[in-house]
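Novice: coords please:
(one chain, ligands or ions: 1)
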Amino acid sequence: MILQGEHRRSIARTDDGAGVRILDQRLLPWEVRWVELRSADTAAVAIREMWTRGAPMIGATAAYGLAMALAADPGDASLARAYDTLLATRPTAVNLRWALDQVRAAVIDLPAAARATAALARADAICDEDAALCRAIGEQGLALFRTLHAKNPDRPLNILTHCNAGWLATVDYGTATAPVYLAHDAGIPVHVWVDETRPRNQGALLTAFELANHGVPHTVIADNAGGLLMMQGKVDAVIVGTDRVTANGDVCNKIGTYLKALAAADNGVPFYVALPYTTFDPDTATGADVPIEERSADELTRLTGPAEGGIATVKVTDSPAANPAFDVTPARLVTGYITERGVLDRI
Ligand SMILES: CSC[C@H]1O[C@H](OP(=O)(O)O)[C@H](O)[C@@H]1O
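Specialist: Take a look at the predicted model:
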């Protein structure tokens with residue numbers, strides 16, 4: 001157990017208050033290493049290289065990055081440069097732009113001398129709010145889980161999830177995992193099918209790590225196994241997180257989510273998306289309008305794992321590879337949106 005008790009905050013201010021501490025998620029579950037970020041540029045690297053990841057965590061890290069830039073130089077040029085550098089890190093998660101806009105709005109009309117303190121306060125508030133939002137998503141999802149479990153009370157509730165939308169992807173609790181944690185703690189027997197989630201394996205490495213640490217029964221599966229499990233009646237619901245829900249309810253999430261939604265629809269399995277309001281993007285009309293991040297082919301052509309003295313990478317093919325990091329699930333395939341305000345059948 002890396003962090004005891006109910007709270008597992010994945011980002012915190014450094015002891016001197018000038019930086020932030022995050023877990024280097026590239027090393028999990030093999031090594032638990034907290035790293036300190038002390039500049040906007042380092043925060044940008046951490047986001048782009050996925051030391052830290054997940055829409056709310058990307059937003060929180062960028063917010064602190066902007067605050068650190070203003071602590072170094074509170075001028076307009078510094079603000080603009082840091083904003084642009086951080087915004088350019090990853091294009092799909094809307095929380096990134098939302099958080100940067102929140103911090104910029106908090107300081108833009110302030111005198112230079114007051115900007116760093118105000119930016120830091122806004123970044124702190126974004127984190128505290130995210131933890132509260134995710135907890136509320138958990139409460140709303142817990143009520144849903146009680147209803148779902150009542151259909152088959154003599155066996156565990158079987159949930160399938162894709163990627164990691166856990167406390168590692170947020171400030172605490174997670175979005176898709178929040179109902180799982182609260183249901184487990186409330187004594188509802190829950191089992192989670194964990195998609196490994198190629199190519200970065202956020203499910204096998206991060207969600208499994210979280211669930212194991214919380215004592216939640218789970219089974220890691222190949223991404224392509226979910227359809228069969230649903231056909232066999234072994235999945236009661238699919239719950240995923242999201243990086244952006246557009247005005248019409250389309251869902252941008254980790255690559256492979258759309259295929260789970262198709263299998264769920266074909267087998268009558270409810271498909272839920274868990275999100276806080278900070279991941280809703282009313283300014284983008286549909287999923288077709290969302291930039292889909294294309295990441296390095298190396299993530300696909302190389303396997304990474306623990307080795308003597310650190311992490312080893314093995315190249316598995318010299319062939320060209322394409323690595324879109326997200327896909328779009330049309331709103332028509334979504335049963336409901338689990339939000340802090342309730343479970344909505346339309347966003
Ligand atoms: C609660 S946001 C989690 C969301 O972010 C993940 O993407 P990445 O690991 O590339 O940052 C994935 O889409 C998750 O559903």
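
Novice: so which residues on the stretch 151-300 of the chain come close to the ligand?
Specialist: Applying CB under 6 Å from any ligand atom, we find that the stretch 151-300 of the chain lies next to the ligand at 163, 165, 169, 170, 175, 202, 240, 241, 243, 253, 254. The C-beta positions use only the backbone N, C-alpha and C, and glycine is treated the same way.

Novice: possible to save those residues as CSV with secondary structure and pLDDT?
Specialist: Listed next are these as CSV, based on DSSP: H, G, I helix; E, B strand; the rest coil; pLDDT from 0 to 100:
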residue, secondary structure, pLDDT
163, coil, 98
165, coil, 98
169, coil, 98
170, coil, 97
175, coil, 98
202, helix, 98
240, strand, 98
241, coil, 98
243, coil, 98
253, strand, 98
254, strand, 98
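
Novice: so which of these is the most crowded?
Specialist: Neighbour counts for those, by other CB atoms under 10 Å, peak at residue 170, which reaches 35 neighbours.

Novice: surely that residue and residue 134 touch.
Specialist: Yes: using CB atoms under 8 Å, residue 170 makes contact with residue 134 at a distance of 5.1 Å.

Novice: which neighbours do the two have in common?
Specialist: Among the neighbours of residue 170, those also in contact with residue 134 (CB atoms under 8 Å, 6 or more residues apart in numbering) are residue 56.

Novice: what residues of the lengthiest helix in the chain count as buried?
Specialist: Across the chain, the longest stretch assigned as helix under DSSP state H is helix 112-149. With burial defined by 16 or more other CB atoms under 10 Å, the residues of helix 112-149 counted as buried are 115-116, 118-120, 122-124, 126-127, 129-131, 133-138, 140-142, 144-145, 148-149.

Novice: that helix: what's the following helix or strand?
Specialist: Beyond helix 112-149 on the C-terminal side, the first helix or strand identified by DSSP states H and E is strand 157-161.

Novice: what's in contact with that following strand?
Specialist: 145, 148-149, 176-177, 180, 183, 188-195, 203, 207, 226, 229-230, 234-240, 260.

Novice: could you do stretch 89-98 as well?
Specialist: Contacts of stretch 89-98 with the rest of the structure, by CB under 8 Å, 6+ apart, involve 44, 47-48, 54-56, 58-59, 62, 86-87, 243-244, 252, 278-281, 284, 290-293, 325-326.

Novice: what subset of those is buried?
Specialist: Among the contacts of stretch 89-98, the ones that count as buried (16+ other CB under 10 Å) are 44, 47, 54-56, 58-59, 62, 86-87, 243-244, 252, 278-281, 284, 290, 292-293, 325-326.

Novice: low-confidence ranges, the stretch 1-150 of the chain, go.
Specialist: Applying pLDDT under 70 to the predicted model, the residue ranges of the stretch 1-150 of the chain that meet it are 1-7.

Novice: of the contacts of strand 157-161, grab the buried ones for PyMOL.
Specialist: The buried residues among the contacts of strand 157-161 can be selected in PyMOL (16+ other CB under 10 Å) with this line:
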select buried, resi 145+148+149+176+177+180+183+188+190+191+192+193+194+195+203+207+226+229+230+234+235+236+237+238+239+240+260
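
Novice: which of the contacts of strand 157-161 fall within strands?
Specialist: Of the positions in the contacts of strand 157-161, 190, 191, 192, 193, 194, 195, 237, 238, 239, 240 sit in strands, assigned by DSSP state E.

Novice: circling back: just the contacts of stretch 89-98: which are in strands?
Specialist: 244, 252, 280, 281, 326.
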